[in-house]
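>>> Let's see this in three dimensions:
(one chain, ligands or ions: 1)
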Amino acid sequence: MPAFSQTLILKHFWANNPSLSSAPSANKTDEDLYKEDEEFFDFYEDVYLEASKFGVVEECVVCDNVGDHMLGHVYIKFNDEEDAADCLTSFKSRHYGGRMTDVEFSPVTDFRESRCRQFDDQCCKRGGFCNFMHIKKVPPKFVRSLREEAREAKAKMDEERRKEKEERRGRSESSGSSRSRSRSRSRSED
Ligand SMILES: [Zn+2]
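Just a heads-up that it's a prediction; the model follows:
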């Protein structure tokens, strides 16, 4: 386990249903996928948006494997290592589905290396017990909409923080400390 990484692993986080996981999805439309596995997409959305509060999420993948050492694993890769660290600290102290979140840094940064290509092509003969990642299919359109929503939420949060800061300063000025204000004014006149 690395001391730092852009990627977090949340172990056994997704309550995988093996009967759904073996269903081939090759010829299904996005709408079929949503309908069939509504619970999963709700879950994915929650995780994605929650993680995005800490920074830009580059990738979020959920394993469909059913072997004990991979069952329900979720990987979240951030743009920035520090955001991953903040997210880790926060998630560590939380409960999800009645138990503590088991989360740590993961050395995986390139999912192309560890994913099972046969699974993507619907022909993995090892099935759910395969040792390569069987990454659950999430339509790119869905991910894009989450990314957009996360960005808007972040912008709103930043704006609120900025306002709060201003209000705090406004209060401290009215309570008599005008020194910092006049100093910044004289600086801007230079
Ligand atoms: Zn496989």
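>>> show me where this structure has helices.
18-21, 30-36, 38-52, 81-92, 111-114, 117-120, 140-174, 179-189 (DSSP state H).
>>> Report how many residues lie close to the residue nearest to residue 28 when sequence neighbours are not counted.
Spatially, and ignoring its direct neighbours in sequence, residue 28 is nearest to residue 36 (7.5 Å; Cβ to Cβ, 6 or more residues apart in numbering). Quick note: C-beta positions are derived from backbone N, CA and C, even for glycine. When counting by other Cβ atoms under 10 Å, one arrives at 14 neighbours for residue 36.
>>> Just the pLDDT for residue 36.
Model confidence at residue 36, given as pLDDT, is 84.
>>> same check, this time on residue 151
Per the predicted model, pLDDT is 95 at residue 151.
>>> Tell me how far it lies from the ion.
Separation of residue 151 from the ion (Cβ to the ion, to the nearest Å): 34 Å.
>>> And that residue, how far from residue 145?
Using Cβ to Cβ, to the nearest Å, residue 151 is found at 11 Å from residue 145.
>>> Then residue 79?
19 Å.
>>> for the ion, what are the nearby residues on this protein?
Within the chain, the positions near the ion by Cβ under 5 Å from the ion are 116, 119, 124, 126, 130, 132.
>>> Among those residues, which one is most surrounded by other residues?
Most neighbours among the residues of the chain next to the ion, by other Cβ under 10 Å: residue 119, with 21 neighbours.
>>> Would you enumerate the residues in contact with it?
Taking Cβ atoms under 8 Å, 6 or more residues apart in numbering, we find residue 119 in contact with 64, 130, 132, 134-135.
>>> ok, now how distant is it from residue 163?
To residue 163, residue 119 is 48 Å away according to Cβ to Cβ.
>>> Cool, thanks, signing off.
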